[in-house]
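**Q** predicted model, plus sequence, below.
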Amino acid sequence: MKAFNCAVLSLCFAFCVSPSFARRAPNLELKDLNGNSQKLSSLRGQIVVVNFWATWCSPCREELPRLSKLAQSYSGGNVRFIAVSIDAGKDRAKIQPALAKAGVSFDTWVGADTGILGSFGLGEVVPGTVVLDEHGEIVARIMGEARDEDVRGAVDWLLGGRSGPAPAAVTKRY
């Protein structure tokens, strides 16, 4: 029985601490478009929608205006939207024009890469979106182009005190 308990404990430990099963979002630290350092952990206490995108990504360019409208629909509340660009440093000059064309009205951070996407459990393909609760825990991952209902379902569930069915932990849209 002792050997069985050790095996179960070891298995539980392996799954509970494995990065692929991690629930807390990595403490992302990047720069905003003005060059100021920004930390994801500084947003604790708010529901945060983090969207990873790139200027060269066609689905990203289609998704950003929708996310901007969603962000506006939650303005004045306890919900924050952040666009995180994975564009290479040489392409950073393209970011602001792409955001203006898409009508993006929420904060944008730069300096991410596909490794950071992986650390959030999104794989290495953009677009990718995570919804974080007030404690920085990932409650939903959307791999590929997020639909309004994907984001709204998770955000509204959190705003509603987590009542009703929980949102899908992972949604694949590619």
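**A** Yes, it's here.

**Q** all contacts plus neighbour counts: C-alpha atoms, from now on.
**A** Fine.

**Q** where along this structure do the helices fall?
**A** Remark: helices of the chain, listed N- to C-terminal, are 2-17, 58-73, 95-102, 114-119, 148-159; assignment by DSSP state H.

**Q** so which of these is nearest Asp32?
**A** When those are ranked by distance to Asp32, counting by Cα to Cα, first place goes to helix 95-102 at 11.2 Å.

**Q** run the angle between the closest one and helix 58-73 for me.
**A** For helix 95-102 against helix 58-73, the angle between stretch directions is 70 degrees (axes from the mean of the first three to the mean of the last three Cα atoms, to 10 degrees).

**Q** what's in contact with helix 95-102?
**A** Among residues not part of helix 95-102, those counted as contacts by Cα atoms under 8 Å, 6 or more residues apart in numbering are Thr55, Arg61, Glu62, Leu64, Pro65, Ser85, Asp87.

**Q** please spell out the ChimeraX selection for the buried subset of these.
**A** The following ChimeraX line selects those of the contacts of helix 95-102 that are buried, judged by 16 or more other Cα atoms under 10 Å:
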select :55,61,64,65,85,87
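
**Q** just for the protein, where's the confidence low?
**A** Using pLDDT under 70 as the threshold, the predicted model of the chain has low-confidence ranges 1-22.

**Q** recalculate using a threshold of 90.
**A** Low-confidence segments of the chain, defined by pLDDT under 90, span residues 1-23, 76-77, 105, 174.

**Q** quick one: closest of the helices of the chain to Gly45.
**A** helix 148-159 (12.0 Å).

**Q** list the contacts for Thr114?
**A** Ile86, Gly123, Glu124, Val125.

**Q** go again with 10 Å.
**A** Phe52, Ile86, Asp87, Leu122, Gly123, Glu124, Val125, Val126 (Cα atoms under 10 Å, 6 or more residues apart in numbering).

**Q** would you turn the helices of the chain into CSV with distance to Asp133?
**A** As requested, these are arranged in CSV below (distance: least, Cα to Cα, whole Å):
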stretch, distance to Asp133
helix 2-17, 19
helix 58-73, 16
helix 95-102, 26
helix 114-119, 17
helix 148-159, 7
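
**Q** out of those, which gets nearest to Val130?
**A** Ranking the helices of the chain by proximity to Val130 (Cα to Cα) places helix 148-159 first, at 8.5 Å.

**Q** quick one: residues in contact with the closest one.
**A** Taking contacts as Cα under 10 Å, 6+ apart, the residues outside helix 148-159 that touch it are 47-49, 63, 66-67, 69-70, 74, 77-79, 129-134, 139-142, 160, 162-171.

**Q** no more questions from me, cheers.
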